[in-house]
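Colleague: next come a sequence and a model predicted from it.
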Amino acid sequence: MDATAFVDTNTLPHYQPVDQIDWCGLLGADRVVVVVAQVIFRELNWVKDAPGVPRRKQNRAARVLRQLDEFTETQPDAVLRPGVLLSTDDRDPSIDFGQYLLNKDLGDDWLLASIIDYRLRAPQSDPRLVTCDTGLKLKARRLKIKVHPLPDDLRLPQEPDPEEARIRELEKENRELRDRLPRLKLCFSNGSNHGAWEIPEPVAESPAPVLNDLRSKYPKLHAQSVSAHPLAHPIDWTGLTRIPDAEITRCNEDLDRFYEAYEAHVAELNKYKSHIRLELLLRISNDGTCPAENVRIALHFPEGFELYDGESVPKPPAPPEPPVKPLTLGDRIARPLLPLPRHLLQPTVDLTSLIGHTSRNVSRPKIARSDSYTVRFDVKSLQHDDTEELDPLCAVFDTFEDARSFHIEYSLIAANLPRKQEGELHVEIRKVT
């Protein structure tokens, strides 16, 4: 039995070459003529040359056209394998498309028209359609055309499109570059962008009890009640072991000034304690896969408080020194011979503060004030999976009533980061009354 098979456009580029398919076994025939209609050549040429078509499809269409050209170079019918001929139809169908409900704007309908035209010219041939296209199969069955789909094992493996492969390669390189970037995080010392402080309401200290204790500890002296100084010798050598009355008067006058100064000190200390101080401990970390270089940290604080670095934050007022104890004449003579006080022997300059600054990886904070505050830190380098603690900052509110929650806006810039990172840190104040 002989059979004629028309192949659709998708069969040729996506399945095994026509000379490698067992057409006789597929159609159950002794001899098979495989026909390639004119519309197939037009569609393959369009795929090969049309802009925007993936390069993989263009290459396959070009390969099929070359194969067909090689097969039919000398004659329109070529032997593909024993019992199988390849025939190229050089004529378009001349049938009335409307009579068969076909549309000339559709390539599939031109293929069906070619089969009908062939059947009209050779009624004994019983041409068949080889396709896996569902829509095309439905139309063919309506027109009483037998359909034979190709088995899946004849489908060619998916070939990587050069452009798609290049895009995938670029995407891979982009991922690798992105994965090699530092990933910076600014947070409080607790590792979060939210910090909470419980602030108890300050209680002013009454000066009266303090002054009473002070007068008990440093009482005034009376001439009749003064005993000899511990340095006194049992033998009274010309009054060297006695405290002169003038010395007692001097000491009592110094005590009066001391009491007055201490009362003022208690008032200053109460004012100092009425201020609300928040110590802000921040740190920056790098969770990326490469070091961050030349990192600049910029912080913006709102108005409503005073902002200090850890070294310039106001210290509590120092209490006044008590007056010098009354001295005997012998003490005054011997005093130059006594060892110097310990505080005079200690250096007044912290030598460690004068060295090592140039080797700091994280700079000290640079605070600039306008209506609000901006603070800048610079980090020379931050290794991946590493953290640097920033010097502490201190926010000081004038009163308990003034204290309120606020947020800190920040930005992070690094020499090897393509974009600036921005975020906020939230400071929550919980008042305890």
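Modeller: That came through fine. Since the model is a prediction, treat every value here as computed from it, not as a measurement.
Colleague: point out where this protein drops to low pLDDT.
Modeller: 74-76, 159-162, 177-179, 223-240, 332, 334-358 (pLDDT under 70).
Colleague: neighbours of residue 141, how many?
Modeller: Counted by other C-beta atoms under 10 Å, the residues lying close to residue 141 total 12. Quick note: C-beta positions are derived from backbone N, CA and C, even for glycine.
Colleague: residues contacting it?
Modeller: When the contact criterion is C-beta atoms under 8 Å, 6 or more residues apart in numbering, the partners of residue 141 are residue 147.
Colleague: which residue ranges of the stretch 1-150 of the chain form helices?
Modeller: For the stretch 1-150 of the chain, helices defined by DSSP state H, counting those that start in this stretch occupy the ranges 11-14, 23-27, 38-49, 55-71, 107-121, 134-142.
Colleague: let me see the contact set for the nearest residue to residue 392 once chain neighbours are set aside.
Modeller: On the basis of C-beta to C-beta, 6 or more residues apart in numbering, the spatially nearest residue to residue 392 that is not a chain neighbour turns out to be residue 310, at 4.0 Å. Contact partners of residue 310, counting by C-beta under 8 Å, 6+ apart, are 279, 391, 392, 393, 394.
Colleague: need the distance between the two termini of stretch 303-316.
Modeller: Taking C-alpha to C-alpha, to the nearest Å, stretch 303-316 runs 24 Å from one end to the other.
Colleague: next, the buried residues of that stretch.
Modeller: Of the residues in stretch 303-316, those buried under the neighbour-count criterion (16 or more other C-beta atoms under 10 Å) are 305, 307, 308, 313.
Colleague: the third one against residue 315, yeah?
Modeller: This points to residue 308. No - between residue 308 and residue 315 there is no contact under C-beta atoms under 8 Å: 10.8 Å.
Colleague: and the helices of the stretch 1-150 of the chain as TSV, adding distance to residue 5?
Modeller: TSV is the format used below for these (distance: least, C-beta to C-beta, whole Å):
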stretch	distance to residue 5
helix 11-14	10
helix 23-27	6
helix 38-49	13
helix 55-71	15
helix 107-121	10
helix 134-142	12
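Colleague: and residue 191, which of those is closest to it?
Modeller: Using C-beta to C-beta as the criterion, the shortest distance between residue 191 and the helices of the stretch 1-150 of the chain is 50.1 Å, found for helix 55-71.
Colleague: what's the distance between the closest one and the middle of its chain?
Modeller: Here the centre of mass of C-alpha atoms in helix 55-71, compared against the chain's by C-alpha atoms, centre = their mean, to the nearest Å, lies 49 Å away.
Colleague: next SSE downstream of the helix of greatest length in the chain?
Modeller: For the chain, the longest helix by residue count, based on DSSP state H, is helix 245-274. Tracing the chain C-terminally past helix 245-274 and defining elements by DSSP states H and E, one meets strand 276-280 next.
Colleague: neighbouring strands - and their directions - for that next one?
Modeller: strand 393-397 (antiparallel) (DSSP bridges).
Colleague: quick one, the strand it pairs with and helix 245-274 angle?
Modeller: Computed with axes from the mean of the first three to the mean of the last three C-alpha atoms, to 10 degrees, the direction of strand 393-397 lies at 90 degrees from that of helix 245-274.
Colleague: follow-up on the earlier one: who are the packing partners of the longest helix of the chain?
Modeller: Of the remaining helices and strands, those touching helix 245-274 by 3 or more C-beta pairs under 8 Å, 6 or more residues apart in numbering; DSSP states H and E are helix 207-217.
Colleague: buried residues in the helix it packs on?
Modeller: By neighbour count with 16+ other C-beta under 10 Å, helix 207-217 contains the buried residues 207, 214.
Colleague: figure out how far that helix is from the centre of its chain.
Modeller: Relative to where its chain is centred, helix 207-217 has its mean C-alpha point 59 Å off (C-alpha atoms, centre = their mean).
Colleague: try stretch 115-133
Modeller: Offset of stretch 115-133 from its chain centre (C-alpha atoms, centre = their mean): 64 Å.
Colleague: for that stretch, list every residue counted as buried.
Modeller: Residues of stretch 115-133 classed as buried by neighbour count (16+ other C-beta under 10 Å): 115, 116, 117, 118, 119, 127, 128, 129, 130, 131, 132, 133.
Colleague: for the residues you listed, work out which two are farthest apart.
Modeller: The span of those, defined through C-beta to C-beta, is set by 117 and 132 at 23.2 Å.
Colleague: report the contact partners of residue 363.
Modeller: Here residue 363 is in contact with 376, 377, 378, 379 (criterion: C-beta under 8 Å, 6+ apart).
Colleague: which of the residues you listed lies closest to residue 153?
Modeller: Taking C-beta to C-beta as the measure, residue 153 lies nearest residue 379 of the contacts of residue 363, at 62.1 Å.
Colleague: any idea which element that closest one lies in?
Modeller: Per DSSP H and E, the secondary structure element for residue 379 is strand 373-382.
Colleague: list the contacts of that strand.
Modeller: For strand 373-382, with C-beta under 8 Å, 6+ apart as the criterion, the contacting residues are 182, 184, 284-286, 291-301, 303, 307, 361-363, 365-368, 388, 390-391, 393.
Colleague: write the ChimeraX selection for whichever of those residues are buried.
Modeller: Here is the ChimeraX command that selects the buried residues among those (16+ other C-beta under 10 Å):
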select :182,184,284,285,286,292,295,297,298,299,301,307,362,363,365,367,388,390,393
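Colleague: which of the contacts of strand 373-382 fall within helices?
Modeller: Using DSSP H, none of the contacts of strand 373-382 sit in helices.
Colleague: quick one, phi/psi of the closest residue to residue 309 other than its chain neighbours?
Modeller: Distance criterion C-beta to C-beta, 6+ apart; nearest residue to residue 309, sequence neighbours excluded, is residue 365 at 4.8 Å. Residue 365 has phi and psi values of phi -70, psi 140 when expressed as degrees, to the nearest 10.
Colleague: return the residues in contact with residue 140.
Modeller: Applying C-beta under 8 Å, 6+ apart, we find residue 140 in contact with 112, 115, 129, 131, 146, 147.
Colleague: cutoff 7 Å now
Modeller: If you count contacts by C-beta atoms under 7 Å, 6 or more residues apart in numbering, residue 140 has them with 112, 129, 147.
Colleague: before we move on, what about residue 91?
Modeller: For residue 91, the residues meeting the contact criterion (C-beta under 7 Å, 6+ apart) are residue 38.
Colleague: please apply the same query to the one 5 residues further on.
Modeller: Going by C-beta under 7 Å, 6+ apart, residue 96 touches no other residue.
Colleague: quick one: which of the contacts of residue 140 is nearest residue 56?
Modeller: Of all the contacts of residue 140, the one with the least separation from residue 56 (C-beta to C-beta) is residue 129, at 25.8 Å.
Colleague: show me what the closest one is bridged to.
Modeller: Bridge pairing for residue 129 (DSSP bridges) gives the partners residue 6, residue 147.
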